[in-house]
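In: Need a 3D model of the sequence below.
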Amino acid sequence: MADKYGITPALHHWLDEAAVRYLDEVNIEKLKIANPNLRLSTLQNAGITTVGKAYNYSPRSMERLPGVGADTVRQVKAAARAYIAEAKKEVPIRLDPEGRPPLDTRLIQALYSERSGKQGTTEEAWNDFLIHGAEYYALIEQYDPYQNERQTQVDLPAEIVKAVLETPADLRYFTGTPRSYQLFGIQYSIYEKRSLLGDEMGLGKTIQALGLIAHLYARGRNKFLVICPASVLINWQREAEKFCQIPAYIFHGQDMQQDIAPWMEKGGIGVTNFESLGKLSALWHIEEVSPEEAQPEKLLDLCVIDEAHYIKNPAATRTILAGRILKRAEYALMMTGTPLENRVDEMCQLVELIRPEFADELRKMAAYDKATQFSEKAAPVYLRRTRDDVLTELPDLIEEDAWVELTKEERNDYRKSVMAGNFMSMRQVSWEQKDPKESVKALRLREIVEEAGANKRKVIVFSFFRNTLEKVREILGNFAMEPINGSVPPAKRQAILDAFAAGTFPEEDPKNSPDGEDQSIPYVLPCQVISGGMGLNIQSASVVIFCEPQIKPSLETQAISRAYRMGQVQKVLVFRLYAKDTVDEKIREILMEKQSVFDEYADPSSVGEESLSGNLAARIIEEERKNL
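Out: From the prediction side, this is the model:
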């Protein structure tokens, strides 16, 4: 690959420094692993106590130390160089947009020039990185000499990894640059033909599906159907238009038959939702038949099911309809971010729809105790990677509990809710004040938001309750976007997200602007957690606030993943607002008690999916009454 802008030397220098910095934490005694006969006490007495220091110390200065000869110096330096060489293969490549160290800046500027075709200023390069972080890391992988050593495939037998890596992927119609693990996912779906992609949220399952579509299109196929929740219809169309040189159509609503006509004639990517499957099946006259019995013009080259857990109930109408359509597709790709290692029945139901013969084998394997063992046996049909597996560049996730003390009036209102046994009202403690300026939670929220704005950080605010989100918008005024909830149509939802992502902070404080005009932007996005926690990619936000504890653990995990995902380059701060001596404490305690159970599973969101039952809510109410 031609390197016009010096990415290779910039990356090598960055890796050298990162490896030395990493080995500055490694005790020099580790050098004895390579050479047990090394004598290191004199070096340690001289302050050379780590592998990094041994590497940086000049040979001449080391030889001047009493009792250290040329042979010792040569052996120490050789062992240190070997450690550095291995460390460069393992150290995660993580660039720092906050500190902006010199070597990070040099690499960012080279990458920016490669992307834009021009020499830009430092500020232009870093700003572009903040917006397009995923593309920068994908470009780094192309220049990384150790990328093959970094790439790991989880729970896959060696023979499958080898076969997948040898599978060609023709991406001439794919306009993006997939990450190495995404390319592997594309090759896997080509090799297996009908499979289940279970990557954790935020790893780009959509990109992998579009890569598969682009490959099949390059091989002369042209009938592709994506089935997804209604809330992400437009997002799928937009992503298809962004990453594929293939026409995309939405099949939804009254004009479905009219929309399908050009797709039937010329082919392309059709996108529909689960609720439209009945009408779609009627238009295509799809009945319970096998692909061999179907008319050729009604066969699909590929059917993609997004959020496949929507069809986990075999008796549900949408499951039956989706199953009929899947049988008409030569290739099938089902996608879900929900970990299935510990949900054997659910996994088998999904596999039944695409590989029925393999589903029977999986059921026999269900006796395996360890999730990892089961995953290995499911490798021919199920691929799952987590953020920790593949996104080593992700910045830190910092979580903080923000406690507040209720005012006398709020305490009285809370007492009334408890005595009335109104659990939902109890959960909205402090937010039910008529004037949000009298809500201690609202005031604490505003403090966090204002500090985030001062640091030019965008914010997502989650709540289960729509009324709470309206209070959030009221207390924040022009700083808040229109809330996203279940009633917002997909087109409007996408428009809100586009406006949120496009907003930029003013260079100067509005108060100090020459014309005195307010240059502020809406940098806070209020979202209902049950609707905003799915299908949104909001890497532009780096602060997440929960207005109350969520009683379904996976809701928080999904919501945080909207910001903490591939492409995020800033540290993500998560704040949870808790009111002392209220139901907030009880719910928090219950969820913390489950942590030990979470640790036994492949992923925390695979446990505790059920929300607090009515019996448990009643118990909490009774305990709160005793505490009044």
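
In: What is the helix or strand containing R588 packed up against?
Out: Per DSSP states H and E: R588 is located in helix 583-593. If contacts are counted by 3 or more Cβ pairs under 8 Å, 6 or more residues apart in numbering; DSSP states H and E, helix 583-593 sits against helix 423-427, strand 572-579, helix 614-627. All C-beta spots, glycine's among them, are computed from the backbone N, C-alpha and C.

In: Just say which of those is most tucked in.
Out: Highest mean neighbour count among the helices and strands packed on helix 583-593 (mean count of other Cβ atoms under 10 Å): strand 572-579, with a mean of 22.

In: and the angle for that one with helix 583-593?
Out: Here strand 572-579 runs at an angle of 130 degrees relative to helix 583-593 (axes from the mean of the first three to the mean of the last three Cα atoms, to 10 degrees).

In: pLDDT on strand 572-579, on average?
Out: The average pLDDT within strand 572-579 is 92.

In: In this protein, spot the helix with the most residues.
Out: Of all the elements of type helix in the chain, the one with the most residues (DSSP state H) is helix 70-90.

In: ok, back up a step: okay, buried residues for the helix holding R588 please.
Out: Within helix 583-593, the residues that count as buried by 16 or more other Cβ atoms under 10 Å are V583, D584, E585, K586, I587, I590, L591.

In: So which other helices or strands are in contact with the longest helix of the chain?
Out: helix 7-23, helix 51-56, helix 59-63, helix 147-150.

In: Quick one: residues in contact with whichever helix or strand comes after that helix.
Out: Next along the chain after helix 70-90, taking DSSP H and E as the criterion, comes helix 102-116. With contacts defined as Cβ atoms under 8 Å, 6 or more residues apart in numbering, helix 102-116 is touched by 4-7, 10-11, 13-14, 17, 95-96, 119-120, 122, 124-126, 128-129, 132, 135-136, 139-140.

In: Select only the buried ones of these in ChimeraX?
Out: The buried residues among those can be selected in ChimeraX (16+ other Cβ under 10 Å) with this line:
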select :5,7,10,11,14,95,120,125,126,128,129,132,135,136,139,140
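
In: how distant is the helix holding R588 from the center of its chain?
Out: Here the centre of helix 583-593 is set off from its chain's centre by 26 Å, with Cα atoms, centre = their mean, to the nearest Å.

In: Pick out the residue nearest the middle of this structure.
Out: For the chain, G202 is the residue whose C-alpha lies nearest the centre (Cα atoms, centre = their mean; 1.9 Å).

In: In JSON lines, list the buried residues of helix 583-593 along with distance to V390 and pLDDT.
Out: As requested, the buried residues of helix 583-593 are exported to JSON lines (distance: Cβ to Cβ, whole Å; pLDDT from 0 to 100):
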{"residue": "V583", "distance to V390": "38", "pLDDT": "93"}
{"residue": "D584", "distance to V390": "35", "pLDDT": "93"}
{"residue": "E585", "distance to V390": "37", "pLDDT": "90"}
{"residue": "K586", "distance to V390": "37", "pLDDT": "88"}
{"residue": "I587", "distance to V390": "33", "pLDDT": "88"}
{"residue": "I590", "distance to V390": "32", "pLDDT": "78"}
{"residue": "L591", "distance to V390": "27", "pLDDT": "72"}
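
In: Just the closest of those to D71, please.
Out: Nearest to D71, judged by Cβ to Cβ, of these is L591 at 59.6 Å.

In: Would you confirm that that closest one contacts K552?
Out: No: if you go by Cβ atoms under 8 Å, L591 and K552 don't touch, sitting 9.8 Å apart.

In: Name the nearest residue to I207, sequence neighbours excluded.
Out: For I207, ignoring the flanking residues on the chain, the nearest one in space by Cβ to Cβ, 6 or more residues apart in numbering is Q182 at 5.6 Å.

In: next one: W403
Out: That would be Y578: by Cβ to Cβ, 6+ apart, it lies 5.1 Å from W403.

In: R363 now?
Out: Of all residues not flanking R363 in the chain, C348 sits nearest, at 5.4 Å (Cβ to Cβ, 6+ apart).

In: Give me the three-state assignment for that neighbour.
Out: Assigned with DSSP: H, G, I helix; E, B strand; the rest coil, C348 falls in the helix class.

In: For it, give its distance to M334.
Out: 13 Å (Cβ to Cβ, to the nearest Å).

In: Neighbour count for those two, which is higher?
Out: Between C348 and M334, M334 has the larger neighbour count (other Cβ atoms under 10 Å), namely 27 against 20.

In: For that one, give me its contacts.
Out: With Cβ under 8 Å, 6+ apart, M334 has these contacts: S195, L196, L197, V304, I305, A308, L350, L353, I354.

In: again, but for A452
Out: A452 neighbours (Cβ under 8 Å, 6+ apart): K458, V459, Y523, V543, L573.

In: that older thread, and which of the buried residues of helix 583-593 is nearest to R64?
Out: L591 (59.7 Å).

In: How many residues are close by D306?
Out: D306 has 24 nearby residues by other Cβ under 10 Å.

In: Distance-wise, check the residue lying closest to it once chain neighbours are set aside relative to E622.
Out: Spatially, and ignoring its direct neighbours in sequence, D306 is nearest to C228 (3.8 Å; Cβ to Cβ, 6+ apart). C228 is 43 Å from E622, where distance means Cβ to Cβ.

In: Mind listing residues that contact stretch 215-223?
Out: Contact with stretch 215-223 is made by 169-174, 186, 190, 224, 244, 246, 263, 266-268, 299-302, 331, as judged by Cβ under 8 Å, 6+ apart.

In: Of those residues, just the buried ones, PyMOL syntax please.
Out: The buried subset of the contacts of stretch 215-223, as determined by 16+ other Cβ under 10 Å, is captured in PyMOL by this line:
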select buried, resi 169+171+173+174+186+190+224+244+246+263+267+268+300+301+302+331
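
In: List the ones among the contacts of stretch 215-223 that fall in strands.
Out: The strands, defined by DSSP state E, take in F224, G268, L300, D301, L302, Y331 from the contacts of stretch 215-223.

In: The nearest residue to the third one once chain neighbours are set aside: neighbour count?
Out: I take that to be L300. Nearest residue to L300, sequence neighbours excluded (Cβ to Cβ, 6+ apart): A329, at 4.0 Å. Counted by other Cβ under 10 Å, the residues lying close to A329 total 22.
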